[in-house]
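**Student:** Pasting the sequence and the predicted model now:
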Amino acid sequence: MIILAIETSCDETSASVVKNGKVVLSNIIVSQIDIHAEFGGVVPEIASRHHVVSVTKVIEKAIEEAKITIDQIDLVAVTKEPGLIGALLVGINAAKAFAFINSIPIIGVNHIKGHIYANLIEGEMKFPLVTLVVSGGHTELILMEKHNDFKLIGFTLDDAVGEAYDKIARVLGLSYPGGPVVDKLAAIGNDSYDLPRAYLKDSYNFSFSGLKSAVINLIHNCKQRGEEIRINDLCTSFQNSVTDVLVKKTLNLAEEYQVKQILVAGGVAANRGLKEKLLKNIKNRELLIPAIEYCTDNAAMIGIAAYYQYQDNKKLSDMSLNGSPRNSLGRD
Ligand code: KG4
Ligand code: ZN
């Protein structure tokens, strides 16, 4: 089964051709990071406009690079939620137009489901499993007993992890997006600042706003006292605080539900400190983390998720398919 997938939920315009939910024949990504960097974050209206400019070219390139013809495509998959609504609608309308003119069925896919299924490029899923979803907009613990079955166990009560990374980087004057930069500096610093850890006793939920405020206050106080901020050390302390909580909750859940595998999904899955800490503490469980290019937004993950979604219930979307900023995964 050959799927053409389209992803435009945030600031990456991406199209991919995936065979049988496993083989990525092409994965074209046009990133808008440089455009949004000067604003220190994604500007929704600008993102939509750039998706409009790129989407057709990206689709054509994905088909060309996959060395297939349009009549070989069995299904068009597109991200339907969650995301910036204007950005999502560009991809959805492009997918609908492509599917309509070429008489190909269409299927809408959840973006977070895509991040989870990006792990299938690394290996098979072994159930039950838990996924730690850590992206720019979401921080969740999701339990799966079988394919296409999602139970939301924990979620953030305030900021997402990636959002906290980006904010801290911004206050420290580091470049956007902040996650990769903070991760790099954290590797060469010492954990010499005392920062809080929000374990939220007896809960699988998360909270990162207290940590974010603690770092911002620390920076302001240092500035007021004319003290130099040891940026590398602060990045290490911040990263340790974040990863201690993420790892502890993930492992507790893994133990409680006796899962066979732990998966990590979303942009922050690229974090080296998180991977190291998980590997060190995981004991006899298997860890899957996507390769770096499949951690951040891409259409291949949507193509893979679409394959399993279709195999599970054979349900397709139609021309009434709409986008939504809300994440319904595991909540319905
Ligand atoms: O999944 P993603 O590409 O977009 C959303 O769906 O949100 O995630 C983007 C987020 C950004 O906040 C970025 O700073 C963060 O992932 N990120 C990282 C790393 N690489 C990307 N955060 C921490 N460490 C990294 N190495
Ligand atoms: Zn994402």
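**Tutor:** Noted; the coordinates are in hand. Ligands and ions are numbered 1, 2, ... in the order given.

**Student:** Of all the residues in the helix or strand hosting residue 255, which ones are buried?
**Tutor:** Assigned by DSSP states H and E, residue 255 falls within helix 231-256. Buried residues in helix 231-256, counting neighbours by 16 or more other Cβ atoms under 10 Å, are found at 232-243, 245-247, 249-251, 253-254. Glycine gets a C-beta too; all of them are placed from N, C-alpha and C.

**Student:** before we move on, what about stretch 86-98?
**Tutor:** Neighbour-count burial for stretch 86-98 [16+ other Cβ under 10 Å]: 86, 87, 88, 89, 90, 91, 92, 93, 94, 95, 96, 98.

**Student:** ditto for stretch 138-155
**Tutor:** 138-144, 147, 150, 152-155.

**Student:** same check, this time on stretch 201-216
**Tutor:** Buried residues in stretch 201-216 (16+ other Cβ under 10 Å): 204, 205, 206, 207, 208, 211, 212, 214, 215.

**Student:** what are the bridge partners for the third one, then?
**Tutor:** Note on residue 206: beta-bridge partners by DSSP bridges are residue 156.

**Student:** In terms of secondary structure, what does the worst-scoring helix or strand of the chain on mean pLDDT contact?
**Tutor:** Least confident helix or strand, the chain: helix 33-37 with a mean of 92, by mean pLDDT, DSSP states H and E. Applying 3 or more Cβ pairs under 8 Å, 6 or more residues apart in numbering; DSSP states H and E, we find helix 33-37 packed against helix 44-66.

**Student:** Could you see whether ligand 1 lies near the helix it packs on?
**Tutor:** No - Helix 44-66 lies apart from ligand 1 when judged by Cβ under 6 Å from any ligand atom; the minimum separation is 11.8 Å.

**Student:** taking the mean pLDDT, what do you get for that helix?
**Tutor:** Throughout helix 44-66, pLDDT has a mean value of 98.

**Student:** picking up where we left off before, nearest to residue 181 among the buried residues of stretch 86-98?
**Tutor:** residue 87 (24.0 Å; Cβ to Cβ).

**Student:** list the buried ones in stretch 110-124?
**Tutor:** 110, 111, 112, 113, 114, 115, 116, 117, 118, 119, 120, 121.

**Student:** just the helices in the stretch 151-300 of the chain please.
**Tutor:** 161-171, 178-186, 209-225, 231-256, 272-281, 292-295, 300-313 (DSSP state H, counting those that start in this stretch).

**Student:** what about the helix or strand hosting residue 24 and ligand 2, touching?
**Tutor:** Assigned by DSSP H and E, residue 24 falls within strand 23-31. No - Strand 23-31 is not in contact with ligand 2 by Cβ under 5 Å from the ion; minimum separation 11.9 Å.

**Student:** quick one: contacts of that strand?
**Tutor:** With contact meaning Cβ atoms under 8 Å, 6 or more residues apart in numbering, strand 23-31 is reached by 2, 11-19, 54, 57-58, 61-68, 121, 293, 297-300, 303-304.

**Student:** if you set the cut-off to 6 Å instead, what comes out?
**Tutor:** Outside strand 23-31, the residues that touch it by Cβ atoms under 6 Å, 6 or more residues apart in numbering are 12-19, 54, 58, 61-62, 65-66, 298, 300.

**Student:** Pull out the buried members of those.
**Tutor:** Of those, these count as buried by 16+ other Cβ under 10 Å: 12-19, 54, 58, 62, 66, 298, 300.

**Student:** Can you get me a residue count around the residue of the stretch 201-332 of the chain found nearest ligand 1?
**Tutor:** The stretch 201-332 of the chain approaches ligand 1 most closely through residue 267 (2.1 Å), counting by Cβ to the nearest ligand atom. Look at residue 267: counted by other Cβ atoms under 10 Å, it has 25 neighbours.

**Student:** ok, now which ones touch the residue of the stretch 201-332 of the chain found nearest ligand 2?
**Tutor:** Per Cβ to the ion, the residue of the stretch 201-332 of the chain with the smallest distance to ligand 2 is residue 297, at 4.4 Å. With contact taken as Cβ under 6 Å, 6+ apart, residue 297 is in contact with 10, 12.

**Student:** just to confirm, which helix or strand has the closest residue to residue 319 other than its chain neighbours in it?
**Tutor:** Leaving aside its sequence neighbours, residue 319 sits nearest to residue 96 (Cβ to Cβ, 6 or more residues apart in numbering; 5.8 Å). In this assignment (DSSP H and E), residue 96 forms part of helix 85-101.

**Student:** could the buried residues of stretch 201-216 go into CSV alongside distance to residue 284 and pLDDT?
**Tutor:** Below are the buried residues of stretch 201-216 laid out as CSV (distance: Cβ to Cβ, whole Å; pLDDT from 0 to 100):
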residue, distance to residue 284, pLDDT
204, 21, 98
205, 27, 98
206, 25, 98
207, 30, 98
208, 30, 97
211, 31, 97
212, 35, 96
214, 35, 97
215, 35, 97
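
**Student:** Show me which residues of the stretch 151-300 of the chain sit near ligand 2.
**Tutor:** So the stretch 151-300 of the chain meets ligand 2 at residue 297 (Cβ under 5 Å from the ion).

**Student:** and if we set it to 8 Å?
**Tutor:** 266, 267, 296, 297 (Cβ under 8 Å from the ion).
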